[in-house]
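Asker: sequence first, then the predicted structure, then my questions.
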Amino acid sequence: MSCKKTAKRACKTTAKTKAAKASAAKYPTQHEELIKWVNDFAKLTQAKDVYWCNGTKKEYTAICESMVESGAFIKLNPKKRPGCYLARSHWSDVARVENRTYISTTKQEDAGPTNNWVAPAELKATMTGLYKGCMKGRTLYVIPFSMGPIGSPISKIGVELTDSPYVVVNMIIMTRVGTKVLKQLGKDGEFIKCLHSVGAPLKPRQKDVPWPCAPLEKKYISHFPETSEIWSFGSGYGGNALLGKKCLALRIASSLARKEGWLAEHMLILKLTSPEGKVNYITAAFPSACGKTNLAMMEPRLPGWKIETIGDDIAWMKIGADGRLYAINPESGFFGVAPGTSMDSNPNAMRTITKNTIFTNCALTDDGDIWWEGMGVPAPAHAIDWQGNDWTPDTVDKDGKKVKAAHPNARFTAPAAQCPVIADEWEDPNGVPVSAFLFGGRRPTVIPLVNQAKDWTHAVFMGSAAGSETTAANLAEVGVVRRDPMAMLPFFGYNAADYMLHWLTMPLRTDVNKLPKVFFTNWFRKDEKGFMWNGFGDNIRVLKWVCERIEGKGKAVETPIGFLPTPDAIDMTGYVDPQRSASEMKKTMKELLSVDVEGWKKEIEAVAKSYEPFGSRMPYALKAKLAEIKAALEK
């Protein structure tokens with residue numbers, strides 16, 4: 001009897017071994033949950049085949065070349081832009097669609113008033129109906145990716161299923177993709193499930209279009225923070241389709257960070273070295289198109305200072321063994337706004353995108369290069385614009401308005417490793433210790449050039465009160481000032497009031513004196529002569545003062561809104577503004593570093609109004625700080 005049992009066990013073991021070997025031959029992983037999830041989605045979408053991405057250069061090149069053959073990509077002049085490609089999106093699919101972006105929690109109040117909400121069961125039923133048969137005639141790509149260095153204690157693994165080769169090649173640049181990720185995941189590791197389809201099934205023998213997508217009313221970018229899932233349908237645009245970016249790295253990650261006691265923020269990370277060799281790592285939260293990438297790659301205009309890049313958009317931060325916050329850049333590429341990027345505004349970005357870059361919605365010149373407005377070089381006499389039409393500098397629309405060659409939200413996707421000022425430690429799995437946070441926005445009036453928070457609660461208040469003009473990075477009305485707390489308004493993965501409370505609790509997790517010092521900056525003040533501050537490389541002058549304040553040395557005066565630099569605290573050595581004489585600049589600096597009391601009274605009223613939709617859920621500490629500042633302004 002025992003012999004028969006032993007034989008049965010042996011047979012079962014042999015069967016399992018054979019099954020495992022068969023699985024290994026068919027799939028590049030033995031993670032059964034992952035395999036089942038992929039197969040179930042392939043069945044639902046009726047994809048013609050399934051391809052598991054390995055993330056190799058060979059794979060990337062092959063997919064790019066296949067897109068050239070299909071007309072989805074245009075290969076740029078290899079002598080001018082080696083390894084570079086241009087894509088043109090559909091006119092309706094050019095930016096994040098915030099009105100079609102959802103945070104789906106069981107209770108609506110947990111999503112909060114700043115997010116669109118639909119109950120999970122209802123939203124999943126709707127989207128399951130859309131996914132049914134949506135990949136007919138298309139390949140389902142499986143993209144295993146790591147946000148952050150593979151194996152870092154701060155990193156997270158995701159898997160995106162998509163029918164878009166554009167998404168695949170962009171994800172290979174923007175994240176760590178492939179077999180190494182699957183190896184790290186193992187047989188039962190946790191991963192974030194990301195579903196995506198362009199929503200354009202193909203009938204037999206139907207010719208594909210260069211940029212397939214669904215109509216706006218069928219676009220859904222849905223987040224389920226309670227189960228850490230992302231479901232996206234109908235859009236091929238970066239923020240809606242590259243699900244490792246805003247969807248995972250901010251919306252889902254901010255929810256995970258709250259549960260696990262860390263921070264996931266819309267912040268650049270830079271390394272700043274003084275002439276004496278003192279290093280500080282600084283993160284900064286600015287809304288889109290407010291200069292994050294420019295600051296992260298700045299060429300300082302003060303001798304001896306050096307800036308190196310860790311990341312240009314997102315920071316994940318955890319408390320280290322020494323009680324300090326340590327930050328990683330979860331991405332491995334730059335997804336930058338092209339228009340306005342030039343050798344004057346961001347020379348290091350321009351050097352980064354000379355090769356191995358994907359351009360989207362830029363103009364194509366007759367010699368096979370790209371061009372955009374604000375590039376710092378003369379406009380070509382003729383080009384093909386972002387919609388594929390002939391263009392000259394004199395082209396106008398039916399209303400006589402000049403037509404732009406590149407879309408205002410045209411993008412470049414480039415490997416971070418190509419950046420000439422990438423810091424050696426940009427992929428340190430332990431992260432870098434953060435000394436300061438900067439908040440900011442595009443504000444033409446009231447907000448000073450820089451001021452420092454008095455304490456941690458004031459710091460959180462500063463972030464909560466941030467505001468900026470809207471940009472072409474979303475489909476809202478351009479040029480309108482809106483509140484953008486922590487530059488996270490479009491990216492909160494849960495109720496923003498609870499997010500503020502999470503920030504307020506950070507001193508309960510570590511010594512408050514070990515948390516970063518916090519500052520608010522505004523490079524965009526204007527007067528009758530235009531911008532009052534040069535910005536760009538001259539922003540090093542503000543960062544120098546920030547470093548001095550970190551060390552307890554910088555000169556400052558206490559005001560109702562925080563610590564402002566004294567008139568002589570900002571190093572203006574060699575500063576030149578062609579529109580202002582030395583005496584005029586002195587007067588301008590005095591205005592930039594003063595408190596506009598009446599303006600701030602209105603600002604406080606506007607901040608209070610922005611708190612109202614949250615009711616009692618908005619932390620009392622922030623309301624009390626607001627009242628404190630208001631009272632101080634009245635004195």
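Answerer: Looks like it arrived, so ask away. Residues are numbered from 1 along each chain as shown.

Asker: so for stretch 71-90, what's the average pLDDT?
Answerer: What stretch 71-90 shows for mean pLDDT is 98.

Asker: what's that stretch in contact with?
Answerer: 64-65, 67-68, 165-166, 208-211, 213, 236-237, 353-362, 364, 367-370, 386-388 (C-beta atoms under 8 Å, 6 or more residues apart in numbering). Bear in mind the C-beta positions are built from the backbone N, C-alpha and C, glycine included.

Asker: narrow the residues you listed to just the buried residues.
Answerer: The neighbour count (16 or more other C-beta atoms under 10 Å) marks 64, 67, 165-166, 210-211, 213, 236-237, 353, 355-362, 364, 368-370, 386 as buried among the contacts of stretch 71-90.

Asker: can you give me the strands in the stretch 51-200 of the chain?
Answerer: Remark: strands assigned in the stretch 51-200 of the chain by DSSP state E, counting those that start in this stretch are 74-75, 85-87, 101-103, 139-147, 156-162, 176-177, 192-197.

Asker: for residue 282, find the nearest of those.
Answerer: When the strands of the stretch 51-200 of the chain are compared by C-beta to C-beta, strand 139-147 sits nearest residue 282, at 21.5 Å.

Asker: so what does that closest one touch, helix or strand wise?
Answerer: Contacts defined by 3 or more C-beta pairs under 8 Å, 6 or more residues apart in numbering; DSSP states H and E place strand 139-147 against helix 32-45, strand 49-52, strand 156-162, helix 165-174, strand 176-177, helix 179-185.

Asker: show me where the stretch 301-450 of the chain has its helices.
Answerer: Remark: helices assigned in the stretch 301-450 of the chain by DSSP state H, counting those that start in this stretch are 347-352.

Asker: just the stretch 451-600 of the chain next, same as before
Answerer: 456-464, 496-504, 506-509, 540-550, 582-592, 597-611.

Asker: mind putting those helices into TSV with mean neighbour count?
Answerer: Formatted as TSV, the helices of the stretch 451-600 of the chain follow (neighbours: other C-beta atoms under 10 Å):
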stretch	mean neighbour count
helix 456-464	23
helix 496-504	22
helix 506-509	14
helix 540-550	22
helix 582-592	14
helix 597-611	15
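
Asker: and residue 180, how many residues sit next to it?
Answerer: 15 (other C-beta atoms under 10 Å).

Asker: now swap in the one 3 residues further on and tell me
Answerer: Counted with other C-beta under 10 Å, the burial measure for residue 183 works out to 14 neighbours.

Asker: give me the below-cutoff pLDDT ranges for the stretch 351-500 of the chain.
Answerer: Counting by pLDDT under 70, the ranges of the stretch 351-500 of the chain that qualify are 469-481.

Asker: now with 80?
Answerer: Along the stretch 351-500 of the chain, segments meeting pLDDT under 80 span 468-481.

Asker: returning to what we had before: can you tell which of the strands of the stretch 51-200 of the chain is closest to residue 333?
Answerer: Shortest distance between residue 333 and the strands of the stretch 51-200 of the chain, using C-beta to C-beta, is found for strand 176-177: 10.1 Å.

Asker: residue 448 and residue 61, how far apart?
Answerer: 50 Å (C-beta to C-beta, to the nearest Å).

Asker: okay, these two: which has more neighbours?
Answerer: The residue with more neighbours, out of residue 448 and residue 61, is residue 448; 22 against 13, by other C-beta under 10 Å.

Asker: thought the more buried one was touching residue 560?
Answerer: No. Residue 448 is beyond contact range of residue 560, at 11.9 Å (criterion: C-beta atoms under 8 Å).

Asker: what is in contact with those two at once?
Answerer: What both residue 448 and residue 560 touch, as defined by C-beta under 8 Å, 6+ apart, is the set residue 595.

Asker: break this protein down into its domains, please.
Answerer: 27-68+96-261, 264-331+424-634 (automatic domain parsing).

Asker: adding distance to residue 405, write the ones you listed out as JSON lines.
Answerer: As requested, the domains of the chain are exported to JSON lines (distance: least, C-beta to C-beta, whole Å):
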{"stretch": "domain 27-68+96-261", "distance to residue 405": "18"}
{"stretch": "domain 264-331+424-634", "distance to residue 405": "15"}
